[in-house]
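Novice: I need the structure of the sequence given here:
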Amino acid sequence: MAASVNQDFTTYSGDDVYPIFTVYDGSGNILDISTVSDIQWYAQKDDASTPAASASKLGGTIAFVTTGVDGRFQVTLSKGVTAALSGFYIHIAKIIDALANVTTVTVGRMQVGLKPAYTYDATSIATSALYQVRRWIGDVISNDWQMTDEEILYFIAGRGTVLGAAADCAQALADQYARKPDVVSPGGMSTRYGEIAKKYSDMSAQLEAKARARGAGAMPYVGGISITDKTNVTTNNDRVQPSFNIGMTDATLPLPMPANERNANPNGGGSN
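Specialist: Residues are numbered from 1 along each chain as shown. Here you go, the predicted model:
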């Protein structure tokens, strides 16, 4: 017997849902499960996580759709269960036969709360970093999206600036296309992924230059133009003493000065 993979389904938080699954044998034929002693189903975020939801035939939350001879069973997930779920989960079903043998029969993905994968609204671009990044990389064509919202938001969180995130997005697209070989179709039509990768790489470099030019909010520091600033610097005992100082050429014999002299009045005049 082989597990049937990709039996995926989508539901929403707070909904009652009743997904139906079918069990197949190793040859792809429907398997009679009418004599199994139990069916156990659970969903978890990943292999290392504890189940976030579970059901079983013995527990009354799994039942045959008919009698089990058609290989189909139905899981009941109440709104109380789905209310605590959000996002993607791996779901797995196992059957326990009369001899207590355990076999995994279904593996798939459950999504709770379907969200649009791609969004763009030009009227909201002034207030949306997501839409701003899409505009900078040109990913605004509704039937030819290049990156999902989640991917772009990931890069925004990583860089913290729109232009920096746009540069990272463009480089990610360059890397994505760089791994694909150029394709020549019958009739002479061709898709040169290498050229697409280079264009995105060039775009990334240009956006990175723009990000650096705008400084991402950083401002240069200019010293010596504020009396308070100069006072704080000259009176800082933890500051490394300069090699050149006031009075360094004065005649100090027979005893040298105990320390570097410094200006007592940063606004000019006098020394100590």
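
Novice: before we move on, which element is residue 107 in?
Specialist: Per DSSP states H and E: residue 107 is located in strand 102-112.

Novice: Dump the following helix or strand past that strand to CSV, keeping only the CA atoms.
Specialist: Next helix or strand after strand 102-112 toward the C-terminus (DSSP H and E): helix 129-137. C-alpha atoms of helix 129-137 as CSV (Å, rounded to 0.1, in the frame of the first residue of the first chain):
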residue,chain,number,x,y,z
ALA,A,129,5.4,49.5,1.1
LEU,A,130,4.3,46.3,-0.7
TYR,A,131,2.8,48.2,-3.6
GLN,A,132,5.9,50.5,-3.8
VAL,A,133,8.2,47.5,-4.1
ARG,A,134,6.0,46.0,-6.8
ARG,A,135,6.2,49.2,-8.7
TRP,A,136,10.0,49.5,-8.4
ILE,A,137,10.5,46.0,-9.8
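
Novice: And helix 129-137, what does it pack against?
Specialist: Applying 3 or more CB pairs under 8 Å, 6 or more residues apart in numbering; DSSP states H and E, one finds that helix 129-137 contacts helix 149-159, helix 162-178, helix 193-214. C-betas here are computed from N, CA, C, even on glycine.

Novice: Redo those helices as a markdown table? Include mean neighbour count and distance to residue 96.
Specialist: Shown next, in a markdown table, are these (neighbours: other CB atoms under 10 Å; distance: least, CB to CB, whole Å):
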| stretch | mean neighbour count | distance to residue 96 |
| --- | --- | --- |
| helix 149-159 | 16 | 38 |
| helix 162-178 | 21 | 44 |
| helix 193-214 | 16 | 49 |
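
Novice: could these go into a markdown table alongside mean pLDDT?
Specialist: Putting the helices and strands packed on helix 129-137 into a markdown table (pLDDT from 0 to 100) gives the following:
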| stretch | mean pLDDT |
| --- | --- |
| helix 149-159 | 95 |
| helix 162-178 | 96 |
| helix 193-214 | 93 |
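
Novice: want to try a markdown table for these, with distance to residue 62 as columns?
Specialist: Output for the helices and strands packed on helix 129-137, formatted as a markdown table (distance: least, CB to CB, whole Å):
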| stretch | distance to residue 62 |
| --- | --- |
| helix 149-159 | 32 |
| helix 162-178 | 41 |
| helix 193-214 | 47 |
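
Novice: where in the stretch 51-200 of the chain is pLDDT low?
Specialist: In the predicted model of the stretch 51-200 of the chain, residues 185-188 satisfy pLDDT under 70.

Novice: hmm, try it at 90
Specialist: 113-117, 142-143, 160, 180-193 (pLDDT under 90).

Novice: contacting residues for the nearest residue to residue 168 once chain neighbours are set aside?
Specialist: If the residues on either side of it in the chain are set aside, residue 168 comes closest to residue 155, at 4.4 Å by CB to CB, 6 or more residues apart in numbering. For residue 155, the contact set (CB atoms under 8 Å, 6 or more residues apart in numbering) comprises 133, 165, 168, 169, 172.
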